[in-house]
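Peer 1: just need the structure, nothing else, for what follows:
(one chain, ligands or ions: 2)
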Amino acid sequence: MTTQDNPGEDTSDLHVAAFQPLISPHDLLAELPLGEQRAALVRRTRDEVRRVMAGEDDRLLVVVGPCSVHDPAAALDYARRLKAFADEVRDELVVVMRVYFEKPRTTLGWKGLINDPGLDGTYDIHRGLRTARRLLLDILDIGLPVGCEFLDPTSPQYIADTVTWGAIGARTTESQVHRQLASGLSMPVGFKNATDGDVQVAVDASRVGRGSHVFFGVDDAGRAAIVTTTGNPDCHVILRGGTRGPNYGEGDVADSLKLLEKHSLTQRLVIDASHANSGKDHVRQAVVASEIAGQVAAGQAGIGGVMLESFLVAGRQEIGPEMTYGQSVTDACMGWDTTEGVLGTLAASVRERRSAAGA
Ligand SMILES: O=C[C@H](O)[C@H](O)COP(=O)(O)O
Ligand SMILES: C=C(OP(=O)(O)O)C(=O)O
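Peer 2: Numbering: from 1, shown residues only. Ligands and ions are numbered 1, 2, ... in the order given. Presented below is the predicted three-dimensional model:
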């Protein structure tokens, strides 16, 4: 019953200005289908990531790309360069492009391309969904797998079929809703440690995400539904530092690996070289990445992946009338030249780890 049905009992929706119908996931997927060729790439690369994180493949997963996508043309331009480089290091790195459309903000700010594709407070979510899905398909056509953060519990239905690796962010790792969501996702999912640096919440999240759950959701036709999941066996932890400081150092990694072992979780983790591990300083990020590479080269088998925030142009900019092509509008990113150097260093570290292991 709504307040319209019973105006004398208007106790609901007092702070809701509007409800608008939303296209169903089924209709959007029919409009922009994945197709068998792209699906084959998604399946193959999900399996590669799964094998890397399970320690069955000695390569390193590298999730690299802009903090957020605001300009699909620049993201595609970036994807072409990344693909060319990824091919050169394919024996050492499984490269997944960060294609993030949903931004969890500390307070207020632009919430990403799906929410506000015009970057101007017009919130054309239909355009956002179509633009996001089109871009994901275009990047797959280049031959590159994609990674996304899942923030809204409904939005994955519109894009998740294209995604090889998913993340749950630091602000939502402790959320039951997001843990349940991860339990039904079809790709490996990384949980960030909390913003204060607590790794236990990410460990808890990985355990919960592996289990089966029954919860409120939306089905393919966009109808409210009771969702029953079977659990996602490929949940893992991402170290991103926190307000207490970075947590990518040798000691922190060893402590986190002990925590994983204690809870019988995958003995490999991902380290985010950005966010609180770099103090959001893109120059520092390259230094952090090379220190992580040093640990890999020294034989640390528990490091399964690295996350990097990188775009065509270094740094960040405010959203406004005059914008620099290929520069982040959220966190500062490494520029492309620095990124190539960092990817080369990470690839070399894998070769050293391999030879140290006598492979
Ligand atoms: O990765 C992006 C940001 O770190 C995250 O969305 C928080 O951003 P904010 O602190 O600028 O809101
Ligand atoms: C928001 C992000 O990171 P975190 O959740 O670690 O802040 C991100 O990776 O874009």
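
Peer 1: so stretch 327-337, near ligand 1 or not?
Peer 2: Yes: using Cβ under 6 Å from any ligand atom, a contact is recorded between stretch 327-337 and ligand 1, made by 330-331. Quick note: C-beta positions are derived from backbone N, CA and C, even for glycine.

Peer 1: for that stretch, list the C-alpha coordinates in CSV.
Peer 2: Taking C-alpha atoms only, stretch 327-337 is exported to CSV below (Å, rounded to 0.1, in the frame of the first residue of the first chain):
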residue,chain,number,x,y,z
GLN,A,327,43.3,12.7,-16.1
SER,A,328,41.5,11.4,-13.1
VAL,A,329,38.6,13.3,-11.5
THR,A,330,38.7,11.3,-8.3
ASP,A,331,42.0,10.0,-6.8
ALA,A,332,45.3,11.0,-8.3
CYS,A,333,46.7,8.4,-10.7
MET,A,334,50.1,7.5,-12.1
GLY,A,335,50.6,8.7,-15.7
TRP,A,336,51.0,6.2,-18.5
ASP,A,337,54.8,6.4,-18.7
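
Peer 1: list the buried residues in it.
Peer 2: If you call a residue buried by 16 or more other Cβ atoms under 10 Å, then stretch 327-337 has these buried ones: 327-336.

Peer 1: filter those down to the ones in helices?
Peer 2: Counted as lying in helices by DSSP state H, out of the buried residues of stretch 327-337, are residue 336.

Peer 1: got a markdown table for the buried residues of stretch 327-337, with distance to residue 214 and pLDDT too?
Peer 2: Output for these, formatted as a markdown table (distance: Cβ to Cβ, whole Å; pLDDT from 0 to 100):
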| residue | distance to residue 214 | pLDDT |
| --- | --- | --- |
| 327 | 44 | 98 |
| 328 | 39 | 98 |
| 329 | 39 | 98 |
| 330 | 35 | 98 |
| 331 | 36 | 97 |
| 332 | 41 | 98 |
| 333 | 40 | 98 |
| 334 | 42 | 98 |
| 335 | 46 | 98 |
| 336 | 45 | 98 |
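
Peer 1: residue 351: which of the buried residues of stretch 327-337 is nearest?
Peer 2: Comparing these against residue 351 with Cβ to Cβ places residue 334 closest, at 22.1 Å.

Peer 1: out of everything not next to it in sequence, what's closest to that closest one?
Peer 2: With Cβ to Cβ, 6 or more residues apart in numbering as the criterion, residue 334 has its nearest non-adjacent residue at 4.5 Å, and that residue is residue 310.

Peer 1: isn't that neighbour up against residue 63?
Peer 2: No: using Cβ atoms under 8 Å as the test, residue 310 is too far from residue 63 to be in contact (10.3 Å).

Peer 1: quick one: the helices in the protein, in order.
Peer 2: Secondary structure of the chain (DSSP H): helices at 25-31, 36-53, 72-88, 125-142, 156-159, 176-184, 200-210, 250-262, 282-297, 336-356.

Peer 1: how about the residues of the stretch 1-150 of the chain by ligand 1?
Peer 2: Applying Cβ under 6 Å from any ligand atom, we find that the stretch 1-150 of the chain lies next to ligand 1 at 67, 103-106, 109.

Peer 1: any idea how far ligand 2 is from the residue nearest to residue 154 when sequence neighbours are not counted?
Peer 2: What sits nearest to residue 154 in space, not counting adjacent residues and going by Cβ to Cβ, 6+ apart, is residue 218, at 5.1 Å. Using Cβ to the nearest ligand atom, to the nearest Å, we find residue 218 at a distance of 23 Å from ligand 2.

Peer 1: number of nearby residues for the residue of the stretch 51-200 of the chain found nearest ligand 2?
Peer 2: Closest to ligand 2 within the stretch 51-200 of the chain is residue 169: 2.9 Å, counting by Cβ to the nearest ligand atom. Other residues lying near residue 169 total 22 when counted by other Cβ atoms under 10 Å.

Peer 1: how about residue 205?
Peer 2: Residue 205 has 28 neighbours, counted by other Cβ under 10 Å.

Peer 1: might you report the residue contacts of the nearest residue to it once chain neighbours are set aside?
Peer 2: Spatial nearest neighbour of residue 205, chain neighbours left out: residue 191 (4.0 Å); criterion: Cβ to Cβ, 6+ apart. Counting by Cβ atoms under 8 Å, 6 or more residues apart in numbering, residue 191 makes contact with 167-168, 173, 182, 201-202, 205-206, 209, 235-238.
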